[in-house]
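# Predicted structure and sequence below. I'll ask about it afterward.
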Amino acid sequence: MIVAVWEALRERPLRFALSTWPLRCWAFLLSGTVVGFFTLLLLTVLLFVGVGLSFVGVGLLVLMGVAVLGIPVAALERHRLRLVEPEPLLDPHGSLPGTGAWPWLRTRLRERATWRELGYTLALAVVFTATGIGFAALLGLSVLLTATPIIVWAIAPDTVMLVPGRPISDPVAGGGGGAAGRGGMLVAAEGGGRRARAPGGVGPY
């Protein structure tokens, strides 16, 4: 699957950075980092509880809950993916043979889609969360550097130090930091577009 953001980046790389696409990519990546972080916490808790209580049987039910955790996570991801892919993704799961928790669980555990979504959930929780934190740090630093002249002007006559031992006392002197921040924003725009394609490549579908 090639998401729309990848097509926009490939066809109009120069216009891409000046369009609304970077903002959509950043929203997708930052929200995905939050979702991935809390998914990682939930997975960790459920695995510890499931393994710890497996000897009494209750833990096995918890572990089965871990196996199907990817279903709601992938459903949420299909909605989030609309930020970078306007075409909606279809639910890959089949119809249920009956009602109730047990028929639902038995059917879902037999579906390949359930295990693909679990694999995606693990990747989201570990890999995408880690890279998302790094991307958030890059974006935050770039925004801060871009705003350096304004910050220097706002807190004058106090000074700002981007480099220890080298205070910046006027907005003109902070122009170097602003230029570095704008360069970082361009890198974040390009990198965000490429990074936003990765979850679509793995596939919450």
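Cool, the structure landed.

# check contacts around residue 185.
139, 142-143, 146 (CB atoms under 8 Å, 6 or more residues apart in numbering). C-beta here means a position set from N, CA and C on the backbone, and glycine is covered the same way.

# Residue 146 too?
178, 181-182, 184-185.

# In helices, which of these appear?
178, 181-182, 184-185 (DSSP state H).

# Report pLDDT for the residue sitting nearest the centre point of the chain.
For the chain, the residue nearest the mean C-alpha position is residue 32 (2.6 Å; CA atoms, centre = their mean). Here the pLDDT value assigned to residue 32 is 92.

# Contact partners for it?
77, 80, 124, 128, 132, 199.

# What I need now is these written out in JSON lines, including distance to residue 8 for each item.
Shown next, in JSON lines, are these (distance: CB to CB, whole Å):
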{"residue": "77", "distance to residue 8": "20"}
{"residue": "80", "distance to residue 8": "18"}
{"residue": "124", "distance to residue 8": "23"}
{"residue": "128", "distance to residue 8": "21"}
{"residue": "132", "distance to residue 8": "21"}
{"residue": "199", "distance to residue 8": "16"}
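
# out of those, who's nearest residue 65?
Compare each of the contacts of residue 32 with residue 65 using CB to CB and the shortest gap goes to residue 124, at 17.4 Å.

# pLDDT check: weakest of the ones in helices among the contacts of residue 146?
Lowest pLDDT among those: residue 178, 80.

# Pretty sure it sits against residue 153.
No - Residue 178 is beyond contact range of residue 153, at 11.3 Å (criterion: CB atoms under 8 Å).

# So residue 122 versus residue 115, what's the distance?
11 Å (CB to CB, to the nearest Å).

# what's the answer for residue 191, then?
On the measure of CB to CB, residue 191 and residue 115 end up 31 Å apart.

# quick one: what helix or strand has the residue lying closest to residue 54 once chain neighbours are set aside in it?
Among residues not flanking residue 54 along the chain, residue 60 sits closest, at 5.9 Å (CB to CB, 6 or more residues apart in numbering). Using DSSP states H and E, residue 60 sits in helix 58-67.

# contact partners of that helix?
43, 46-47, 49-54, 105, 109, 114-115, 118.

# burial measure for residue 102, as a count.
Neighbourhood size, residue 102 [other CB atoms under 10 Å]: 9.

# Quick one: list the elements packing against the helix or strand containing it.
Following DSSP H and E, one finds residue 102 within helix 101-109. Judged by 3 or more CB pairs under 8 Å, 6 or more residues apart in numbering; DSSP states H and E, helix 101-109 is in contact with helix 58-67.

# For ChimeraX, what selects the buried ones among the ones in helices among the contacts of residue 146?
Written as a ChimeraX command, the selection of buried residues from the ones in helices among the contacts of residue 146, which uses 16 or more other CB atoms under 10 Å, is:
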select :178,181,184,185
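
# so can I have a markdown table of the ones in helices among the contacts of residue 146 showing distance to residue 100?
Shown next, in a markdown table, are the ones in helices among the contacts of residue 146 (distance: CB to CB, whole Å):
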| residue | distance to residue 100 |
| --- | --- |
| 178 | 61 |
| 181 | 56 |
| 182 | 58 |
| 184 | 53 |
| 185 | 52 |
